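Asks: Provided below for reference: sequence and predicted model.
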Amino acid sequence: MDNYLKLLENTIKSKWDCGALRDRGGVSYTYGQMAAKIELLNRLYRNLGLAEGDKIAICGKNGSNWAVAFVSANVFGAVAVPLLSDFHPESIAQLTDHSESRILFIDDDLWKKVSIVGTKAEAVFSLKDFSLLHAASSDGVLKIMEDARTSFDNDFKEGFTAGAVSYPAGDLEKTAIINYTSGTTSAPKGVMLSYRAISSNVVFIKDNIYGKEGDKALSMLPMAHMYGMAVEFLFPVCAGYELNFLGKAPTPRVLLDALSEVRPFMIIAVPLIIEKIFYSSVFPVVNRPVMKGALKIPVISSLIYKKIYDKLMSTFGGNVKYIIIGGAPLNESVEEVMKKVGLPYCVGYGMTECAPLISYEHYSRFAFRSCGKRVDRMEVRIASSDPQKEVGEIQVRGDNVMDGYYKNKDATAAAFTSDGWLHTGDMGIMDAEGNVFIKGRCKNMVLGPNGQNIYPEEIEDKLNCHRHVVESLVVSRNGKLVALVYPDTDAVLMDAAERSQKHPDGAKPDTETMVAAAMDALQADVNKSLPAYSRLSKIEVMATEFEKTPKKSIKRFLYE
C-alpha cells in the first residue's frame, strides 16, 4: 500500500494544470500551483529550523490554504495537528501547547481571540495569505520568510515544474496526524494516527468511490474532523477531483447555492443535514392524509417517489452518484423514505481512532438500517456469545487503528482489550453477511427493572420521527426514563391552527399549553410502540437546541 503522499504526488504530476482547490469567491489553485505553495512552505520550515516529527497546528475554517498547510506539514515530515475552529479559544491555545506545536496556522479572526490567551508556538501564520501574525522575534522570522522566497525564485527561475515534485514514501508507521477528538462524553484527547492509517483510508475510498473526468467535490464537513478530512478532503485531492470550499458559514442558502454551482458527484453528510431536508421538504408532502392513501397504490406511489427523487437530486446539484452518511445514527423514518425513493445512499461507520473508517458498503448492496461491512484491512468482532443475535460491544483491529492517545498512556491502555482489539464503545450485532448494526453506546445503555438492556438511541429515534420534535435525548433519572425534547413549536402551532379552523368555537390556549399538550400526546404515542420496561415516565421540554460537537452529535454528558 502506497503512502497517501505518493498518491498525491502522482496526481499532481498527471493533473498539473487542472483545478485542485477552490474557495468560492476567493483563492484557487491548480495542482501545480498547490505543489508550488507546498514547496515554498517546506523551505520556510527548513529555514525556521523545524525537523522531521515536529508538530504543526492548523486551525480555521475549511479552505484552500488550510489544505495546503496540512499537506505541506506531512510532505516536510512534520506531524499535522488539525484543530477544530469550534473549540473555545482557550482550548485552541491549550491544545496547540499540549501537542507541542512549533508553528500554528490560524484564521485572522480566531487569532485575535487566541492571542489573548497566548500560545508557546514559535511562529503563528495567517491562513488567509500565510503572512506572519506573531513570533517571538518577528524581524527574524520575516527575514527567514524572505529568504525562503528568494531561494525558491532562484531555484526555479524558469518556473516550478512537475519534475521538482517528489514526496516521501516514508515509514508508514510514523505519526502523520494528532487529531483531537471533539468528544460527546469527555474532554478532547489527541489521537495519534500513522501514515498507514491515513493511507489505508484514502486507498479504500479511492478504490470504492468513482467519479468521472471533470467531476468536482464540495467540502461541507470540518476538515479538522477525520470524517471530513479523509472522505471530503484527502480522497478527492489524491484522486484528482477539484475540491471546492463554501467560503462562508454553511447556511441553507449558501449550501443550496454551492450545490447548484459545483454539482458535486458525492454528498458526504452527517444525518442532521439529511434529516433537516426531509423534515422540511419531504415529510410535509408524504405525510398528508391524501398522500398516505395514494402511496398505498403501487402505480401512483412509484410516480410520487420518482418526483421526490428528481426534486432531491436536483437540490443536491443534479450530478450526485453517492450520498454517504456517517457520524451519528440516521433516523429510521428518513432512511425508509430514502430507500423507497431510490436514492444512492449508504450509512458508514467510523471513529476518529480509526482515521475514521470501520465499515462501509456500496449503496447497491447496502443493507437497510446497517452501517455496511468492514472496510479493507480491518477486522470487526462483536463481544457476545452470539454476535448475530446478542448485542455486544463492537471491537476492531487493523491498519486504520490509532497508535494511541498523545501523552496519555492510561487512556491508551484502557482503549484496547487484552488481546489487542480497540474498544469502540458502541454496542451492536453483525449478521451472517458481515453487515454491522449499531444499537447504541455502551456508556448510554440503561438497565431495565429486571436487567433488560435499554438503548436510549432507539427511543430517541422514535421520538425524532414525530413532526413535533426537532431533537431529543433520553436519560435515566432515579431509575426512570425521561425524554428531553426540543419541540418544533411552529409545527405544534400549525396543527393547533388547523384544529381551530375545524372547531372555531373551541378554547384557544397559549403556546406553552399547546406545546405541553403535544408532548403529552407524543409520550403516549411513543410508549405504545415500546415494551413496558423502556417506556418514558416523562417528557421535559427544552427551551433551546442541545449543545453539539462540530459533527453535530449532542454532547450527552452535559444533560445526564
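Replies: Cool, got the structure. Residues are numbered from 1 along each chain as shown.

Asks: just for the stretch 201-350 of the chain, where's the confidence low?
Replies: For the stretch 201-350 of the chain, no stretch is flagged by pLDDT under 70.

Asks: Do a quick rundown of the helices in it.
Replies: 226-227, 235-239, 252-262, 271-277, 283-286, 289-294, 298-315, 332-341 (DSSP state H, counting those that start in this stretch).

Asks: neighbouring contacts of the first one?
Replies: Helix 226-227 is contacted by residues 179, 193, 221, 268, 270, 326, 327, 350, 352, 355, 356, 551 when judged by C-beta atoms under 8 Å, 6 or more residues apart in numbering. (Each C-beta comes from the backbone N, C-alpha and C, glycine too.)

Asks: Quick check: mean pLDDT of the helix or strand where residue 427 lies?
Replies: If you go by DSSP states H and E, residue 427 is part of strand 422-430. Taken as a whole, strand 422-430 has an average pLDDT of 97.

Asks: Moving C-terminal from it, which element do we reach first?
Replies: That would be, after strand 422-430 and using DSSP H and E, strand 436-441.

Asks: what distance separates that following strand from the middle of the whole chain?
Replies: 18 Å (C-alpha atoms, centre = their mean, to the nearest Å).

Asks: do you know how far the residue nearest the centre of the chain is from residue 426?
Replies: Note on the chain: the residue nearest the mean C-alpha position is residue 227, at 4.3 Å, using C-alpha atoms, centre = their mean. Per C-beta to C-beta, to the nearest Å, residue 227 is found 15 Å from residue 426.

Asks: cool, and residue 367?
Replies: On the measure of C-beta to C-beta, residue 367 and residue 426 end up 17 Å apart.

Asks: could I have the helix or strand where residue 110 lies exported to CSV, CA atoms only?
Replies: In the assignment (DSSP H and E), residue 110 maps to helix 108-117. Below are the C-alpha coordinates for helix 108-117, written out as CSV (Å, rounded to 0.1, in the frame of the first residue of the first chain):
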residue,chain,number,x,y,z
ASP,A,108,-7.1,36.0,11.5
ASP,A,109,-10.3,36.5,13.4
LEU,A,110,-9.6,33.4,15.5
TRP,A,111,-6.1,34.6,16.3
LYS,A,112,-7.5,37.8,17.8
LYS,A,113,-9.2,35.7,20.4
VAL,A,114,-6.5,33.0,20.9
SER,A,115,-3.7,35.7,21.2
ILE,A,116,-5.4,37.0,24.3
VAL,A,117,-4.7,33.6,25.9
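
Asks: can you give me the offset of that helix from its chain's centre?
Replies: That offset, for helix 108-117, works out to 25 Å (C-alpha atoms, centre = their mean).

Asks: Could you list the buried residues of it?
Replies: Residues 110, 111, 114 are the ones in helix 108-117 that count as buried (16 or more other C-beta atoms under 10 Å).

Asks: thought the last one was touching residue 106?
Replies: Yes. Contact status for residue 114 versus residue 106: in contact at 6.6 Å, counting by C-beta atoms under 8 Å.

Asks: Identify the contacts common to these two.
Replies: 59, 92.

Asks: residue ranges of the strands in the stretch 451-560 of the chain, please?
Replies: With strands called from DSSP state E, counting those that start in this stretch, the stretch 451-560 of the chain shows them at 453-454, 469-477, 480-487, 538-541.

Asks: closest to residue 61 out of the ones you listed?
Replies: With C-beta to C-beta as the measure, strand 469-477 is the member of the strands of the stretch 451-560 of the chain nearest residue 61 (24.6 Å).

Asks: now that closest one and strand 480-487, what's the angle there?
Replies: With axes from the mean of the first three to the mean of the last three C-alpha atoms, to 10 degrees applied, the angle from strand 469-477 to strand 480-487 works out at 160 degrees.

Asks: Listing partners with orientation, what would you give for strand 469-477?
Replies: Next to strand 469-477 in the sheet, as set by DSSP bridges, lie strand 480-487 (antiparallel).

Asks: what separates the partner strand from the chain centre, distance-wise?
Replies: 26 Å.

Asks: Check which residues of that strand are buried.
Replies: 481, 482, 483, 484, 485, 486, 487.

Asks: ok, and what's touching it?
Replies: Taking C-beta under 8 Å, 6+ apart as the rule, strand 480-487 contacts 446, 454, 456, 459-460, 463, 468-476, 515, 518-519, 522-523, 526, 534-542, 544-546, 559.

Asks: Give me the buried subset of those residues.
Replies: Buried by 16+ other C-beta under 10 Å: 446, 454, 456, 459-460, 463, 468-476, 515, 518-519, 522-523, 526, 534-536, 539, 542, 546, out of the contacts of strand 480-487.

Asks: quick one on the thing from earlier: so which other helices or strands are in contact with the helix holding residue 110?
Replies: If you count contacts as 3 or more C-beta pairs under 8 Å, 6 or more residues apart in numbering; DSSP states H and E, helix 108-117 packs onto helix 89-98, strand 123-126, strand 132-135.

Asks: in the last one, what counts as buried?
Replies: Across strand 132-135, burial judged by 16+ other C-beta under 10 Å covers 133, 134, 135.

Asks: these two touch, right, the first one and residue 124?
Replies: So the one you mean is residue 133. Yes. Counting by C-beta under 8 Å, residue 133 does reach residue 124; the two are 4.5 Å apart.

Asks: Overlap of the contact sets of these two?
Replies: With C-beta under 8 Å, 6+ apart as the test, residue 133 and residue 124 both reach 106, 111, 115.
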